[in-house]
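Enquirer: give me the fold of what follows.
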Amino acid sequence: MSKIITVFGATGNQGGSVVEAILADPALSKEFKIRGITRDVNKPKAKALAAKGVELVSADMSSSSSVAPAVANAHTVFLVTNFWESMSSDTEISQGKAVVDASKAAGVQHIIFSSLINASEASNGRLSNISHFDGKARIEEYIRSSGVPGTFVLPGMFMSGFETMIRKNPPNEPAGYTLALPVEPSKAKAPLFDAAEDTGKFVKAAIKNFPSQAGSRILAASDYYTIDQLISEFSEVMGKPAHAVQIDDDKFKSFLSPVAAQELLENMKLLEDPGYYAGESLAGSLALLEEKPTTWKEFVEKNKEKWSNFDH
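Expert: From the prediction side, this is the model:
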């Protein structure tokens with residue numbers, strides 16, 4: 001009889017990638033029956049998953065009792081939490097804890113959590129406003145203390161985020177593209193990650209290497225790219241000039257919503273020091289994969305039209 005794997009955010013970038021990866025894997029698709037958790041089971045993406053045999057469940061993450069049906073009889077849970085929905089670290093942490101408590105009560109044997117480092121601790125308090133990192137680190141700590149075995153997949157910087165950050169130059173400037181960030185382009189290193197395409201590849205590694213990798217962190221990124229390297233490869237693929245410029249902190253913040261400006265500024269500063277993953281190598285994580293992750297060049301090639309047609 002198939003084991004149940006509960007996938008939170010089943011119609012989102014990360015959860016959707018996990019669902020597709022399991023369905024496409026000959027061994028895992030036999031071993032697991034997928035229960036996809038989404039707020040609206042009637043939206044088109046959810047219906048498309050149901051047509052592939054995924055059990056769709058709507059779940060409220062506000063308490064362990066309300067989330068209990070989502071994890072009932074599950075062997076494995078893939079958990080992703082969303083800070084940006086509430087913009088509240090307390091809300092994100094309480095939702096994560098509710099799922100962990102419900103999972104423990106249900107006898108779940110493995111939680112795979114989409115985590116991030118504690119940026120406040122890694123920077124010795126210098127970068128203390130990156131709530132979407134620190135909240136996930138707190139949930140990871142809670143899982144580690146819960147008694148339920150956990151594997152932690154830490155997504156890198158989403159390649160899709162650069163679709164709006166690399167901007168087409170205005171008509172009064174030379175043709176091409178500019179990436180303006182508050183960091184030194186030759187020093188800041190971004191571990192890039194195609195979330196929609198590759199989350200499933202890294203989560204599959206967590207499933208297939210359980211229990212030997214239980215307790216470990218899997219860093220989900222294809223490579224570290226300096227900002228200079230990133231923009232150079234972008235220019236090469238697009239066949240157009242592109243350059244990176246360092247701007248001051250206040251100018252960077254002026255481009256952003258005031259509620260998120262300091263958070264996103266510090267998120268960029270993290271790339272310089274101590275590093276997105278605090279300097280940790282990707283080699284051990286990449287060695288666990290059965291399929292190569294998407295490179296930045298491949299992502300740009302696949303999405304050329306978005307930059308070509310997007311009138312910034």
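Enquirer: for the closest residue in space to Pro155 that isn't next to it in sequence, give me the pLDDT.
Expert: Spatial nearest neighbour of Pro155, excluding adjacent residues (Cβ to Cβ, 6 or more residues apart in numbering): Ala220 at 4.8 Å. To be clear about C-beta, it is placed using only N, CA and C from the backbone, and glycine gets the same treatment. In this prediction, Ala220 carries a pLDDT score of 99.
Enquirer: also Ser308?
Expert: 86.
Enquirer: excluding chain neighbours, what is closest to it?
Expert: Leaving aside its chain neighbours, Ser308 sits nearest to Met238 (7.6 Å; criterion: Cβ to Cβ, 6+ apart).
Enquirer: swap in Glu301?
Expert: Glu301 sits nearest to Val237 (Cβ to Cβ, 6+ apart), 5.4 Å away.
Enquirer: ok, the one you found - contacts?
Expert: Neighbouring residues of Val237 by Cβ atoms under 8 Å, 6 or more residues apart in numbering: 297, 300-301, 304.
Enquirer: ok, back up a step: the residue nearest to Pro155 against Thr199, yeah?
Expert: Yes - between Ala220 and Thr199 a contact is recorded at 6.7 Å, counting by Cβ atoms under 8 Å.
Enquirer: OK, contacts around the closest residue to Lys30 other than its chain neighbours?
Expert: Leaving aside its chain neighbours, Lys30 sits nearest to Ser2 (7.1 Å; criterion: Cβ to Cβ, 6+ apart). By Cβ under 8 Å, 6+ apart, Ser2 lies in contact with 30-33.
Enquirer: out of these, which end up buried?
Expert: The neighbour-count test (16 or more other Cβ atoms under 10 Å) applied to the contacts of Ser2 identifies 31-33 as buried.
Enquirer: so which of the residues you listed are in helices?
Expert: Using DSSP state H, Glu31 are the members of those that sit in helices.
Enquirer: any chance of the buried ones among the contacts of Ser2 in CSV, plus pLDDT and distance to Ser308?
Expert: Formatted as CSV, the buried ones among the contacts of Ser2 follow (pLDDT from 0 to 100; distance: Cβ to Cβ, whole Å):
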residue, pLDDT, distance to Ser308
Glu31, 98, 42
Phe32, 99, 40
Lys33, 99, 42
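Enquirer: for the buried ones among the contacts of Ser2, which one is nearest Phe83?
Expert: Closest approach to Phe83 among the buried ones among the contacts of Ser2 (Cβ to Cβ): Phe32, at 27.9 Å.
Enquirer: low-scoring pLDDT stretches of this structure, where are they?
Expert: 310-312 (pLDDT under 70).
Enquirer: could you rerun that using 50?
Expert: 312 (pLDDT under 50).
Enquirer: residue closest to the middle of it?
Expert: Nearest to the mean C-alpha position of the chain, by Cα atoms, centre = their mean, lies Pro155 at 3.9 Å.
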